[in-house]
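A.B. asks: the following block contains a protein sequence and its predicted model.
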Amino acid sequence: MFARNASRAFVAPSASRLFSSSSARQTKVTVLGAGGGIGQPLSLLLKTDPLVSNLSLYDIRGAQGVAADVSHVDTASEVNGYPMENLDEALDGTKVVVIPAGVPRKPGMTRDDLFNTNASIVRDLAAAVARVAPTANILVISNPVNSTVPIVAATLDKAGVFDPARLFGVTTLDVVRASRFLSAITGASPADCNVPVVGGHSGPTIVPLLSQVPQGKSLQGESYDKLVHRIQFGGDEVVKAKDGAGSATLSMAYAGAKFTNSLLRGLAGEKGVVTPTFVKSPLFADKGIDFFSSLVELGVNGVEKIHPLGPLSASEEKLLEACLPELKKNIEKGKAFVA
Ligand SMILES: NC(=O)C1=CN([C@@H]2O[C@H](COP(=O)(O)OP(=O)(O)OC[C@H]3O[C@@H](n4cnc5c(N)ncnc54)[C@H](O)[C@@H]3O)[C@@H](O)[C@H]2O)C=CC1
Ligand SMILES: O=C([O-])CC(=O)C(=O)O
C-alpha cells in the first residue's frame, strides 16, 4: 500500500489496491531517458503507481523495448514507447515529465564533470517540454542537479513558460540514504528516521539536518562526522562499487518513483505531502542563491509552500556555510550555459 506521508517508505501497491483505486485522479507521466540504468527500473515502478494512467517512455535508444516489457505488468495504466524522432508525441498531453537522460559518473569523476555532456541534453529536452507541454511538472534527475535545474529554468524562461512551482530537482535519494544510514547505526526503523536533507545534490552541498530528528539529535563526534560524510558521499560509494559500470540506478529509481508519487498525491489534492526537493527558493535569494532544496509542501499547483530550515545545530550551521558558495557556483554555471 502507498504510504500517505512523503517521508515514509515507498512501497508498490498490491494488485487488489490497484484495482480498487480506479476512482483516484490519474495522470500521464513521461520518462525521458527511459532506456537507461535509472530509466528502466523507474518505468517499472511507475507502472505500479495507481496514480499514473498513461506511461510514456522515451529515449534515443531502447525505449520501445522497455515499454513492451513493462506494459505486460498487470496494472491498469497504458504504456507507450517512443524512439528518438518521436519526442513531441511522447510529451503530448503529459502532466509530469521525469528526466533521467544523460551520462552517469565513473570512478574519479565529480558530478560537475558530467556538465559538458548533460547540460545540452537537458537543455534540449527542456526546450521540447516548453514547446509541447508547457504546463507540465518537470522532475530533473540528470546530474549535476545543482546546475541542470537552473538550466531547465532558464530554458523555460527563454520560451516564456517558466513556472517555478512546477520545476523540481530530485534530491530524494539523499533523503532515502540519510534515513537508511541513520537507521542502520541506531537500530530504529528507517520510517522513524525522516531526516530533512537540504541544500543541493553533490558532496558538501548536501546538508543533512540530523538534529531535527530524535534518533539523530544525540549523535556527536566521530559517529556524527562519519554519518554526515556517508550521506554526502553515498553516491561515490556506489560509483566505486560499480567500478566503471555507472552510478546508483536501482536506489535512484526507487527514490524517483517515491518523489513522483508524492507529487502526484499533491497534484491530486492530498494535503500535508511534504518532502525535500531542489526548487526555485527565496531562502537564500539574498545571497544570490535562488535554487535550494528544503522541505516543500506539494499541492495541486506543484510547489505549495517552501518551509524554512528551522533550528540548526552549530555543526549544521558549519555544513551550511560550506554548502552555499559551492551551490552558488553550480547554479551560476547552469544559468551561464543557457544565457
Ligand atoms: N538526482 C540523483 O540523485 C541521481 C542522478 N543520477 C544521474 O542520472 C543520469 C542518468 O543515469 P543512468 O540512468 O545511470 O545513466 P544511463 O547511461 O544508464 O542512462 C541514461 C539514458 O539517457 C539516454 N539519453 C541520452 N541522451 C538522451 C536524450 N537526448 N534524450 C533522451 N534520452 C537520452 C541514454 O540513451 C540512456 O538510455 C546521470 O546523469 C546520473 O548522474 C544518478 C543517480 C542519482
Ligand atoms: O553519484 C552519482 O553520480 C549519482 C548520484 O547523484 C547519486 O548516487 O547520488
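C.D. replies: It's in. Ligands and ions are numbered 1, 2, ... in the order given.
A.B. asks: and the strands in the stretch 101-250 of the chain?
C.D. replies: 137-140, 167-169, 197-199, 206-208 (DSSP state E, counting those that start in this stretch).
A.B. asks: in the stretch 1-150 of the chain, where is pLDDT below threshold?
C.D. replies: 1-25 (pLDDT under 70).
A.B. asks: closest to the centroid, which residue in this structure?
C.D. replies: Closest to where the C-alpha atoms of the chain average out (C-alpha atoms, centre = their mean) is V170, at 1.6 Å.
A.B. asks: now for the residue in the chain that ligand 2 sits nearest to, how many residues are close by?
C.D. replies: Residue nearest to ligand 2 within the chain: G235 (2.3 Å; C-beta to the nearest ligand atom). Every residue, glycine included, has its C-beta placed from N, CA and C. Residues near G235, counting by other C-beta atoms under 10 Å, number 23.
A.B. asks: and the closest residue to L139 other than its chain neighbours, what helix or strand is that in?
C.D. replies: Ranked by C-beta to C-beta, 6 or more residues apart in numbering and with sequence neighbours excluded, the top spatial neighbour of L139 is V98, at 4.6 Å. Assigned by DSSP states H and E, V98 belongs to strand 96-99.
A.B. asks: with just CA atoms, put that strand into CSV.
C.D. replies: As requested, the backbone C-alpha atoms of strand 96-99 are provided in CSV (Å, rounded to 0.1, in the frame of the first residue of the first chain):
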residue,chain,number,x,y,z
VAL,A,96,4.6,15.1,-15.3
VAL,A,97,7.9,14.7,-17.1
VAL,A,98,10.7,12.9,-15.3
ILE,A,99,14.2,13.3,-16.8
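A.B. asks: my guess is L57 contacts V66. True?
C.D. replies: Yes. Counting by C-beta atoms under 8 Å, L57 touches V66, with 5.6 Å between them.
A.B. asks: so what sits against both of those two?
C.D. replies: Both L57 and V66 are contacted by 34-35, 39, 43, 81, under the criterion C-beta atoms under 8 Å, 6 or more residues apart in numbering.
A.B. asks: need those in TSV (columns: secondary structure and distance to ligand 1).
C.D. replies: Listed next are these as TSV, based on DSSP: H, G, I helix; E, B strand; the rest coil; distance: C-beta to the nearest ligand atom, whole Å:
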residue	secondary structure	distance to ligand 1
A34	coil	7
G35	coil	4
G39	helix	6
S43	helix	11
G81	strand	12
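A.B. asks: which of those residues are buried, as a PyMOL select command?
C.D. replies: The buried residues among these can be selected in PyMOL (16 or more other C-beta atoms under 10 Å) with this line:
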select buried, resi 34+35+39+43+81
